[in-house]
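>>> I would like to see how this sequence folds:
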Amino acid sequence: MSDAIEDSMDDGMDDATGEGADSAARGARRREPQRPPTPEELADREAAESVYAELLSRLGEANPQPRLEPTRRVMELLGDPQRSYAVIHITGTNGKTSTSRIAESILRAYGLRTGLMTSPHLDRVNERIVIDGEPIADRALVDNWADIQPYLLMVDAELTANGELPLTYFEALTVLAFACFADAPVDVLVLEVGMGGEWDSTNVADGDVAVFTPIALDHENRLGRTVAEIARTKAGIIKPAAQVVTALQSTEAMDELLRAAEHDEAEVSVEGVAFQVQDARLAVGGQVVDIRGRAGEYPDLFLPLFGEHQAQNAAVAVAAVESFLGAGTQPLALDVLAEGFATVTSPGRLQLIGIEPSVIVDAAHNPHGAEALGRALMGSFAFESITAVVGILADKDERGIIEALDPIVDRFVVTQSDSDRALPADELAELVTRVAGPDRVRVEPELDVALAELRDELGPRDAIVVTGSITLVGQAMRIAREEDWAL
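You can find the predicted model right below:
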């Protein structure tokens, strides 16, 4: 544990109206006007986009390679920068990004210099490499890329000579992120797994704390056909003598995690036993939660995120930070924790981006996530009608997603994102029609057209929910900004 971390340990709403749509609107913040970029900033942005183009020229993120050695080889050549800071490593099927963001915000409130790596991004790749709460600056991204590129090319040549694929997009991005965090430098990195765990490129780092959000079926073609197989792959992030924090899991997932923890002599803290949400109450702009942590009780914390699942994510994050700062034996300072909660954001997760009618985006891209979205819409808002604008990628369980949304949605507008992996809108519409019936479904392949039409048609008490894929959510957020109706 670094001196900065040890030093930090010495530092020490009103009721909801019941009208969730009005509460969300009052709790939302409008963007402040921004000054135009300087010529130097424009040049840095162009250089950063060139870095992203170079990353995209590699094997894509949809095709991760089940290997660690190439990433490990580059890190060794760079002097293992991932060992220069402490790591909280987070995996799971849903809730990883929100849990990561909450944990990072708490650590930053403690005065630590934090790093945060999440994936995928909604708009720009800089979002994946966050330092002290801000996406990495274009110039820092470009400079670090210049530093690591010769080593990437060296390992590419070695791999090719051995008949293997060169470093992939995600392998190269992970190396870049680790180098950026070391260059900053950060005290602690909250590190979200890209996919799985055992062979994910991020697993060249050794997590002091291994965190598991709920595990369900997703990426079956990569991770396994059963929840047990998927949990076994994710359990690969557990390192010897680490602290393990897990959300409540199914029996088959929990068995795998406990087996892996026992093998590595790691201490396990389970939601519902070692920590839990004791109460959650709707409030303006979010909710007020009472959490029992591993080491203390923390009442009346305002969390500016909606949904029961976000309260549970917050409890997991609290337990993770307790495990990191004091091995679960020292309670967190309530005022510091409150500050950390109050500054949490989770873009693209049940996020209100427009009003009258309300426009909500949520990155639910599997049935488990869609079910959580449905519960949150019913529990946190009071809309007169809900229209789901859905677009789903071809490798997802589209039927499971639509069936989860069907009971809470008045109608569907089927569209598609600009991703080359998106299901064509007409093809997806056939399935949605079979589930929801023809009278509740319409097709509009262009997302900007779909949003414009719905915003004209619907009333101020109605809601548009854009969901089904992260790429669709990111596109909706860009449209809102470009057309100047985003909050």
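
>>> in stretch 44-58, what counts as buried?
Judged by neighbour count (16 or more other C-beta atoms under 10 Å), stretch 44-58 contains these buried residues: D44, R45, A47, A48, V51, Y52, L55, R58. Glycine gets a C-beta too; all of them are placed from N, C-alpha and C.

>>> mind exporting that stretch as PDB, just the C-alpha atoms?
C-alpha atoms of stretch 44-58 as PDB (Å, rounded to 0.1, in the frame of the first residue of the first chain):
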ATOM      1  CA  ASP A  44      -4.100  17.600 -29.800                       C
ATOM      2  CA  ARG A  45      -7.600  16.300 -30.500                       C
ATOM      3  CA  GLU A  46      -6.700  15.500 -34.100                       C
ATOM      4  CA  ALA A  47      -3.500  13.700 -32.900                       C
ATOM      5  CA  ALA A  48      -5.600  11.700 -30.300                       C
ATOM      6  CA  GLU A  49      -8.100  10.700 -33.100                       C
ATOM      7  CA  SER A  50      -5.100   9.400 -35.000                       C
ATOM      8  CA  VAL A  51      -4.100   7.300 -32.000                       C
ATOM      9  CA  TYR A  52      -7.600   5.900 -31.900                       C
ATOM     10  CA  ALA A  53      -7.500   5.100 -35.700                       C
ATOM     11  CA  GLU A  54      -4.300   3.200 -35.100                       C
ATOM     12  CA  LEU A  55      -6.000   1.200 -32.300                       C
ATOM     13  CA  LEU A  56      -8.900   0.500 -34.600                       C
ATOM     14  CA  SER A  57      -6.600  -0.900 -37.300                       C
ATOM     15  CA  ARG A  58      -5.900  -3.800 -35.000                       C
END
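
>>> how many residues are close by W485?
When neighbours are defined as other C-beta atoms under 10 Å, W485 has 16 of them.

>>> so it sits in a strand?
No. According to DSSP: H, G, I helix; E, B strand; the rest coil, W485 belongs to no strand; its state is coil.

>>> who's in contact with it?
Residues in contact with W485 (C-beta atoms under 8 Å, 6 or more residues apart in numbering) are G354, R455.

>>> quick revisit: with secondary structure and distance to L393 added, can I get the buried residues of stretch 44-58 in CSV?
Listed next are those as CSV, based on DSSP: H, G, I helix; E, B strand; the rest coil; distance: C-beta to C-beta, whole Å:
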residue, secondary structure, distance to L393
D44, helix, 32
R45, helix, 28
A47, helix, 30
A48, helix, 26
V51, helix, 25
Y52, helix, 20
L55, helix, 20
R58, coil, 20
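
>>> reformat these as TSV; add distance to D426 and pLDDT.
Output for the buried residues of stretch 44-58, formatted as TSV (distance: C-beta to C-beta, whole Å; pLDDT from 0 to 100):
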residue	distance to D426	pLDDT
D44	42	97
R45	37	97
A47	40	98
A48	37	98
V51	36	98
Y52	31	97
L55	32	97
R58	32	96
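
>>> tell me the two of those that are most distant?
Pairwise distances across those (C-beta to C-beta) peak at 22.4 Å, for the pair D44 and R58.

>>> where in the protein is pLDDT low?
1-33, 219-220 (pLDDT under 70).

>>> in it, where's the longest helix?
Counting by DSSP state H, the longest helix found in the chain is helix 138-161.

>>> list the buried residues in that one.
The neighbour-count check on helix 138-161 (16+ other C-beta under 10 Å) flags D138, A140, L141, V142, N144, W145, I148, Y151, L152, V155, D156, L159 as buried.

>>> could you list the domains of this protein?
Domains of the chain are assigned by automatic domain parsing as 3-20+41-342, 351-482.

>>> can I get these in JSON lines including distance to Q34?
Formatted as JSON lines, the domains of the chain follow (distance: least, C-beta to C-beta, whole Å):
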{"stretch": "domain 3-20+41-342", "distance to Q34": "11"}
{"stretch": "domain 351-482", "distance to Q34": "11"}
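
>>> can you pull the contacts of the residue positioned nearest the centre of the chain?
For the chain, the residue nearest the mean C-alpha position is T97 (2.1 Å; C-alpha atoms, centre = their mean). The contact partners of T97, by C-beta under 8 Å, 6+ apart, come to T118, E192, S346, R349, A363.

>>> could you report the distance from the first one to L141?
Taken as C-beta to C-beta, to the nearest Å, the spacing of T118 relative to L141 amounts to 15 Å.

>>> now the third one
Distance from S346 to L141, counting by C-beta to C-beta: 22 Å.

>>> ranges for the strands of the stretch 151-300 of the chain?
188-192, 209-212, 243-246, 267-270, 276-283, 286-292, 297-303 (DSSP state E, counting those that start in this stretch).

>>> so how far is the third one from its chain's centroid?
The offset between the C-alpha centroid of strand 243-246 and the centroid of the whole chain comes to 18 Å, using C-alpha atoms, centre = their mean, to the nearest Å.

>>> quick one: strands adjacent to it?
Applying DSSP bridges, strand 243-246 is found paired with strand 209-212 (parallel), strand 267-270 (parallel).

>>> let's have those in CSV, adding mean neighbour count and distance to R481.
Shown next, in CSV, are those (neighbours: other C-beta atoms under 10 Å; distance: least, C-beta to C-beta, whole Å):
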stretch, mean neighbour count, distance to R481
strand 209-212, 31, 32
strand 267-270, 18, 40
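
>>> which residues are in contact with the nearest residue to D300 once chain neighbours are set aside?
With C-beta to C-beta, 6 or more residues apart in numbering as the criterion, D300 has its nearest non-adjacent residue at 5.9 Å, and that residue is V288. If you count contacts by C-beta under 8 Å, 6+ apart, V288 has them with M13, A280, R281, D300, L301, F302, L303.

>>> show me what contacts the last one?
L303 makes contacts with G286, Q287, V288, V289, Q310, A311, A314, F341, V344, as judged by C-beta under 8 Å, 6+ apart.

>>> and the helices in the stretch 351-487 of the chain, which stretches?
Ranges of helices in the stretch 351-487 of the chain, per DSSP state H, counting those that start in this stretch, are 367-380, 398-405, 425-436, 447-457, 470-482.
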